[in-house]
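# kindly generate the corresponding structure for this input.
(chains A and B)
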Amino acid sequence: MTKVLMIAFMMIFTQNYVLVQFLAICPFLGVSQKFDSCIGMSGAVIFVMTLASAVTWCIYTYVMVPLGLAYLSTIIFILVIAALVQFVEIFLKKFIKPLYNALGVYLPLITTNCAVLAVTLLNISEKYNLLESCVDGFSAGVGFGLALILFCGVRKALERAKPPKSWAGLPITLVAAALTSMTFMGFTGIADKLFG
Amino acid sequence: MNKKTSKWKILTNGIFKENPVLILLLGCCSVLAISVTVSGALGMGAAMTFVLVCSNVVISLLRKIIPDKIRIPCFIVVIATFVTLVQMLVQAFVPALYDALGIFLPLIVVNCIVLGRAEMFASKNGVLDSLLDGVGMGLGYTLVITCIAVVRELVGSGTLYGVRIIPEGYQIGIITQTPGGFFMFGAAMALLIYCLGKKGRHFDPRIGCDGKCGNCNFNCENREDNLKLYENQAALEAAAAATEAEKEGNKA
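Model prediction:
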């Protein structure tokens, strides 16, 4: 149980995918302008990451390892994720319309979101079990959402700033991201003290 | 002669005019994460160039066989094959580099540069052109990531390619950590905008897909609508600017 809590804490704060590990930077910078799209994107990422963690873990343990195909994990996982995203989209469209309306737009973007592939590959290399993999996927998604929503607020403040001409736009946004990620450095070492 | 210059143009296109990192803004994750040491950056650049060249050549060879509707999954399989190949080669022959690159080596699969070039270039052009494009894009990527790594390694830990330049004890940890990555990339971008501005060219970099499909090369469902919206918005902005200028002109 402690391990599960520790994974969740680390993925959300100390090892945050966006602000500490540099994963999923494109959606982080691209989608963080409007609060609504932040919520939608985070919801979709949490959903797909949890599902992908569970599915790829099962495929890896029960299909790939017995057949000796473990070295193909990159190819198989990316195809599984692509198929899964497609399937989830069709399923939601048909059966859970309100959820589809909320997340549907963001689903196609998730296949190429590097954080999803990263979480499935890291689950395997960290040798997590099924529960731990699911928690890892879920909390990595929550960490992504937290970073996205925090940064959305920072960007709102940034809109009123007047940076030097050549820094306007993306450069100053990156500097703001640097400052936001600096705040997350404050969590360094907390996980060991809390759960160690 | 003419043919030669066009080939040369394809090659240099990726290095300067359409640099995948600084101009097209693709695949920023690995640039930010791996640009801590020069050796890591060069290794990542080499891996990326290899995957780009191989996948471009194979996709260009297969471009008439792959059905249009399922081309993206097909491209992904080709790319993932070469990424797995690189992963195994690096793990076998340069284990230190394998550890340094970590998760970002397999993540070349989802790096937008490779898929972007497959979709934009290799699926429409001949084998030789695609090969040159792959080499150019790979070199452009390597150039940018290495330049950023030189600055980060020198300022952050006082070494260059592992050789100590600034005496022992000097270290600015924050530059080699995450904030430094964001900041240095922002600074590189600002420098580029400044230099282009001196030449009289306006460059407004934008990332991602918040409806600004002008920069995105994937055919998602919203692309058409968003492109129209983007154009309309641009037209509206231009009109607003024009009326403002007129007002100012009247005042004067």
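
# quick one: pLDDT of residue A:31?
Per-residue pLDDT puts residue A:31 at 77.

# hmm, residue A:37 and it touching each other?
Yes: here residue A:31 reaches residue A:37: they are 5.2 Å apart, a contact under Cβ atoms under 8 Å. Where you see a C-beta, it was placed from the backbone N, CA and C, and this is true even at glycine.

# of those two, which one has the most company?
The neighbour comparison of residue A:31 against residue A:37 (other Cβ atoms under 10 Å in any protein chain shown) goes to residue A:31, with 25 against 20.

# and the gap between that one and residue B:182?
17 Å (Cβ to Cβ, to the nearest Å).

# please list the residues of the stretch 51-200 of chain B that sit near chain A.
B:73, B:76-77, B:80-81, B:83-84, B:87-88, B:103, B:106-107, B:109-112, B:115, B:174, B:177-183, B:185-187, B:189-191, B:193-194, B:197 (Cβ under 8 Å from any Cβ of the partner chain).

# select only the buried ones of those in ChimeraX?
To isolate the buried members of these in ChimeraX, using 16 or more other Cβ atoms under 10 Å in any protein chain shown:
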select /B:73,76,80,81,83,84,87,103,106,107,109,110,111,112,115,177,178,179,180,181,182,183,185,186,187,189,190,193
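
# in helices, which of the residues of the stretch 51-200 of chain B next to chain A appear?
Judged by DSSP state H, those include B:73, B:76-77, B:80-81, B:83-84, B:87-88, B:112, B:115, B:174, B:178-183, B:185-187, B:189-191, B:193-194, B:197 as members of helices.

# flag every buried residue along stretch A:137-154.
Neighbour counts over stretch A:137-154 (16+ other Cβ under 10 Å) mark A:137-148, A:150-152 as buried.

# where does the stretch 101-250 of chain B have low pLDDT?
Counting by pLDDT under 70, the stretch 101-250 of chain B has low-confidence residues at B:206-237.

# would you tell me which helix is longest in chain A?
Ranked by residue count and defined by DSSP H, the top helix of chain A is helix A:130-158.

# helices and strands around it, which ones?
Here helix A:130-158 is seen to pack against helix A:2-9, helix A:25-31, helix A:35-59, helix A:114-125, helix A:170-185 when contacts are counted using 3 or more Cβ pairs under 8 Å, 6 or more residues apart in numbering or on different chains; DSSP states H and E.

# mean pLDDT for those: which is lowest?
Across those, helix A:25-31 has the smallest mean pLDDT, namely a mean of 81.

# could you find the closest non-adjacent residue to residue A:181?
residue A:19 (4.0 Å; Cβ to Cβ, 6 or more residues apart in numbering or on different chains).

# show the backbone phi and psi for the one you found.
For residue A:19, the backbone dihedrals (degrees, to the nearest 10) come out as phi -90, psi -20.

# residues touching it, list them.
A:147, A:177, A:180, A:181, A:184, B:178 (Cβ atoms under 8 Å, 6 or more residues apart in numbering or on different chains).

# hmm, the fourth one is touching residue B:180, no?
Same thing as residue A:181. No: taking contacts as Cβ under 8 Å, residue A:181 lies outside contact range of residue B:180: 9.4 Å.

# anything in stretch A:120-129 near chain B?
Yes: judged by Cβ under 8 Å from any Cβ, stretch A:120-129 and chain B are in contact via A:121, A:122.

# contacting residues around that stretch?
Stretch A:120-129 is contacted from outside by A:7, A:52-53, A:56-57, A:60, A:73-74, A:77, A:80-81, A:132-133, A:136-137, B:103, B:106, using Cβ under 8 Å, 6+ apart.

# what's the neighbour count on whichever residue of chain A sits closest to chain B?
Going by Cβ to the nearest Cβ, chain B is nearest to residue A:30 of chain A, at 1.6 Å. For residue A:30, the neighbour count with other Cβ under 10 Å is 21.

# and if you look at the one 4 residues further on?
With neighbours defined by other Cβ under 10 Å, the count for residue A:34 comes to 15.

# do I have it right that it meets residue A:155?
No: checked against Cβ under 8 Å, the pair residue A:34 and residue A:155 is beyond contact range at 9.5 Å.

# ok, the closest residue in space to residue A:40 that isn't next to it in sequence - contacts?
The spatially closest residue to residue A:40, leaving aside those adjacent along the chain, is residue A:106, at 5.4 Å (Cβ to Cβ, 6+ apart). Contacts for residue A:106 (Cβ under 8 Å, 6+ apart) come out as A:31, A:37, A:40, A:41, A:43, A:44, A:45.

# mind checking what secondary structure the closest residue to residue A:89 other than its chain neighbours has?
Nearest residue to residue A:89, sequence neighbours excluded (Cβ to Cβ, 6+ apart): residue A:107, at 4.8 Å. Put simply, residue A:107 is helix when judged by DSSP: H, G, I helix; E, B strand; the rest coil.

# re earlier: of the contacts of residue A:19, closest to residue B:124?
Closest to residue B:124 out of these is residue A:177 (34.8 Å), distances taken as Cβ to Cβ.

# right, and the closest one touches residue A:29 too?
Yes: using Cβ under 8 Å, residue A:177 is in contact with residue A:29, at 7.2 Å.

# ok, the two, which is more surrounded?
More crowded of residue A:177 and residue A:29, by other Cβ under 10 Å: residue A:177, with 28 against 24.

# next one: that one from residue B:37, what distance?
Using Cβ to Cβ, we find residue A:177 at a distance of 22 Å from residue B:37.

# point me to the residue of the stretch 51-200 of chain B nearest chain A.
Taking Cβ to the nearest Cβ as the measure, the stretch 51-200 of chain B has residue B:186 as its residue closest to chain A, at 3.1 Å.

# show me the residue sitting in the middle of chain A in space.
Residue closest to the average C-alpha location in chain A (Cα atoms, centre = their mean): residue A:141, at 4.0 Å.

# contact partners for residue B:147?
By Cβ under 8 Å, 6+ apart, the contact set of residue B:147 is residue B:188.

# how much space between it and residue B:184?
Applying Cβ to Cβ, the value for residue B:147 to residue B:184 is 10 Å.

# ok, now residue B:70?
Distance from residue B:70 to residue B:184, by Cβ to Cβ: 40 Å.

# comparing these two, which shows the higher neighbour count?
Neighbour count, other Cβ under 10 Å: between residue B:70 and residue B:184, residue B:184 has more, with 23 against 9.
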